[in-house]
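1. this one's structure only:
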């Protein structure tokens, strides 16, 4: 089942390495009796670094291993030799990952580009060797600095799905069915609400070998902005989608009202979501005849206030190619 491996929220414990100790050493060589201090510096401790990877879709790698510890810096030695730097630890995460402080829940950074590296926990600085402390009055200092200790902390990794099109709708509106029809994804489909609990991603193949990514986001209910029905977990995935496809079944009591409720939930969660491109798709339209569709068009033209809409049916393949065409035009309107 695709849902089991999709992890979008995980807590990790990170520790950077200690810096190495500076060396206390006096130079000794044949025929040189008093060579003076030559203790080297300690190496720095290893960092813990977050790195973006475009080939990852989920945080499943952190499901079982949650503690990461960087290597300690090597100690300084004679002849002003600096100790080796500690080994850095790299955490590869999918693009769209946010790092939060586990205690304050404050956003520290986010990764959006492939290969982007950001240090989360810095390693301790290496201590300076006794060579640094010689003066005209103290020519053989017999002390050096210890290394600085590494830092540690608990952090939350949170993934917001990066997709071109996000499917928004109430539970059981037919979002997973649509995804399974226009992409090769195989989401779990059943006749009950909240079948989908984790986002499913699929790649829509378009004409001339072009493609775009579509995300099936779990159903949103009234009150989701306050956290009802796992609303906070689901709504955050909508923030990163370029275009929102609202899916409302043809057999719903009031299509315009459902659309307004969904729009209001997005507005209350994050007002910026209202600025995204929107398209309304009336699903399960194979139940309607042409006469009924014409009647509904008159109502929808008034109620949707200029938002584009279309009738589709995933099962009967009705309007699916037109939907792809429309989404492709919307996605590329901004880039041209």
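-> Done, it's in. Since we're looking at a predicted model, the values are computed, not measured. Residues are numbered from 1 along each chain as shown.
2. pLDDT value on residue 289, please?
-> The model reports residue 289 with a pLDDT of 72.
3. again with residue 188
-> 63.
4. what sits up against stretch 125-142?
-> With contact meaning Cβ atoms under 8 Å, 6 or more residues apart in numbering, stretch 125-142 is reached by 19-26, 34, 36-45, 73, 76, 80, 82-83, 143-148. Any C-beta I mention is one placed from the backbone N, CA and C, and that applies to glycine too.
5. would you map the strands across the stretch 101-250 of the chain?
-> Secondary structure of the stretch 101-250 of the chain, counting by DSSP state E, counting those that start in this stretch: strands at 107-111, 117-121, 152-159, 165-168, 200-205, 211-216, 243-249.
6. quick one, which of the ones you listed is nearest to residue 310?
-> Closest to residue 310 of the strands of the stretch 101-250 of the chain, according to Cβ to Cβ: strand 243-249, at 10.1 Å.
7. next, the angle from that closest one to strand 211-216.
-> 50 degrees (axes from the mean of the first three to the mean of the last three Cα atoms, to 10 degrees).
8. give the partner strands of strand 243-249 in its sheet and their orientations.
-> When pairing is defined by DSSP bridges, strand 243-249 lines up against strand 165-168 (parallel), strand 277-283 (parallel).
9. closest one to residue 107 among those strands?
-> Of all these, strand 165-168 sits nearest to residue 107, with 20.8 Å by Cβ to Cβ.
10. avg pLDDT for the closest one?
-> 81.
11. looking at the strands paired with strand 243-249, which is nearest to residue 238?
-> Nearest of those to residue 238, taken as Cβ to Cβ: strand 165-168 at 5.1 Å.
12. now do the contacts for the residue most central in space within the chain.
-> The residue lying closest to the centre of the chain (Cα atoms, centre = their mean) is residue 97, at 2.3 Å. Neighbour list for residue 97: 50, 52, 59, 110, 111, 157, 158, 159, 160 [criterion: Cβ under 8 Å, 6+ apart].
13. residue 108 is in contact with the first one, correct?
-> No - the pair residue 50 and residue 108 fails to qualify as a contact (Cβ atoms under 8 Å) at a distance of 9.5 Å.
14. joint contacts of the two?
-> The contact lists of residue 50 and residue 108 share 99, 120, where a contact means Cβ under 8 Å, 6+ apart.
15. who has more neighbours out of those two?
-> residue 50 (23 against 15; other Cβ atoms under 10 Å).
16. that one should be in a helix, yeah?
-> No - the assignment for residue 50, made by DSSP: H, G, I helix; E, B strand; the rest coil, is strand rather than a helix.
17. pLDDT value on residue 16, please?
-> For residue 16, pLDDT reads 93.
18. I'd guessed it sits against residue 68; true?
-> No - between residue 16 and residue 68 there is no contact under Cβ under 8 Å: 9.6 Å.
19. the two: which is more packed in?
-> residue 16 (30 against 17).
20. tell me who's in contact with the more buried one.
-> 45, 46, 47, 48, 70, 121, 122, 123, 124, 150, 151, 152.
21. rerun at 7 Å
-> 45, 46, 47, 48, 70, 121, 122, 123, 124, 150, 151 (Cβ atoms under 7 Å, 6 or more residues apart in numbering).
22. and for residue 287, the neighbour number?
-> For residue 287, using other Cβ under 10 Å, the count is 11.
23. do residue 136 as well
-> Around residue 136 there are 5 other residues, counting by other Cβ under 10 Å.
24. one more: residue 298?
-> Neighbour count for residue 298, taken as other Cβ under 10 Å: 9.
25. can you pull the pLDDT of it?
-> Value for residue 298, per-residue pLDDT: 76.
26. that one sits in which helix or strand?
-> helix 290-303 (DSSP states H and E).
27. what are the buried residues along whichever helix or strand comes after that helix?
-> In the C-terminal direction, the helix or strand that comes right after helix 290-303 (DSSP H and E) is strand 309-311. For strand 309-311, the neighbour count (16 or more other Cβ atoms under 10 Å) marks 309, 311 as buried.
28. give me the contacts around strand 309-311.
-> 280, 281, 282, 285, 293, 300, 319, 322, 323, 326.
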